[in-house]
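J.: here is the input, now give the coordinates:
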Amino acid sequence: MTFALTTPVTGAAQTGLTSPTYTVTLDTSPDANARQYAVTALGGTQTGGTASSVSSPFTTAMFRPKSYQGLGKPNPTTGLIARVPRNTYKFITRKGVTPLAGQPIQTMVITTIMEVPAGSDLADSVNIRAGLSMHFGSIAQASAGIGDTTVQGVL
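T.: Here you go, the predicted structure:
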């Protein structure tokens, strides 16, 4: 299955948000190698939260490599591959936020970058999936704590 969101997206736990949900619609992506969704409505209790607009974007996009890198041939003497290229994927969320009352909205950018060594998609897909499972599971489990840290500055 490819990257696709079903609406509504259930948000992860955050301090001050109760049962957050996000109604999304497929949006025009900023790149031909990306799929983007815009948040058109919020659900649950998110007092002061806003959906996407021109001046205050709220989008999520997944980017794939523009050209995939293949694995080179091993050195005939050592059997080692000198340089293993990486295929880079990005997951980016953009959200308009107000830095100070009365000031113009600024865009917060949240990026996860996945650099997958070429060839491992065939040779070790289970460990790619395990790494991603742990990464996103950790973010989901610690979502409120990550939010608290970014707001309060306490790690």
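J.: what's the end-to-end length of stretch 27-43?
T.: Stretch 27-43 stretches 19 Å from its first residue to its last (CA to CA, to the nearest Å).
J.: report the distance from that stretch to the chain centre.
T.: 12 Å (CA atoms, centre = their mean, to the nearest Å).
J.: same thing with stretch 13-32?
T.: The answer for stretch 13-32 is 11 Å, by CA atoms, centre = their mean.
J.: only alpha carbons, please: show the longest helix anywhere in the chain as PDB.
T.: In the chain, assigned by DSSP state H, the helix with the most residues is helix 125-141. Extracted in PDB, the C-alpha atoms of helix 125-141 (Å, rounded to 0.1, in the frame of the first residue of the first chain):
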ATOM      1  CA  SER A 125      12.900  -5.100   4.500                       C
ATOM      2  CA  VAL A 126      11.900  -6.500   7.900                       C
ATOM      3  CA  ASN A 127      14.500  -4.400   9.700                       C
ATOM      4  CA  ILE A 128      13.500  -1.300   7.700                       C
ATOM      5  CA  ARG A 129       9.900  -1.800   8.900                       C
ATOM      6  CA  ALA A 130      11.100  -2.600  12.400                       C
ATOM      7  CA  GLY A 131      13.000   0.700  12.500                       C
ATOM      8  CA  LEU A 132      10.100   2.700  11.200                       C
ATOM      9  CA  SER A 133       7.700   0.900  13.600                       C
ATOM     10  CA  MET A 134       9.900   1.900  16.600                       C
ATOM     11  CA  HIS A 135      10.400   5.400  15.300                       C
ATOM     12  CA  PHE A 136       6.700   6.200  14.800                       C
ATOM     13  CA  GLY A 137       5.600   4.200  17.800                       C
ATOM     14  CA  SER A 138       8.000   6.200  20.000                       C
ATOM     15  CA  ILE A 139       6.700   9.500  18.600                       C
ATOM     16  CA  ALA A 140       3.100   8.300  19.100                       C
ATOM     17  CA  GLN A 141       3.800   7.100  22.700                       C
END
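J.: pull the residues that contact that helix.
T.: Helix 125-141 has contacts (CB atoms under 8 Å, 6 or more residues apart in numbering) with 12, 112, 114, 116, 120-121, 146. In short, each C-beta sits where N, CA and C put it, glycine included.
J.: got the buried residues for the following helix or strand past that helix?
T.: Following helix 125-141 in sequence order, the next helix or strand is helix 143-152 (DSSP states H and E). Neighbour-count burial for helix 143-152, counted by 16 or more other CB atoms under 10 Å, picks out 143, 146-148.
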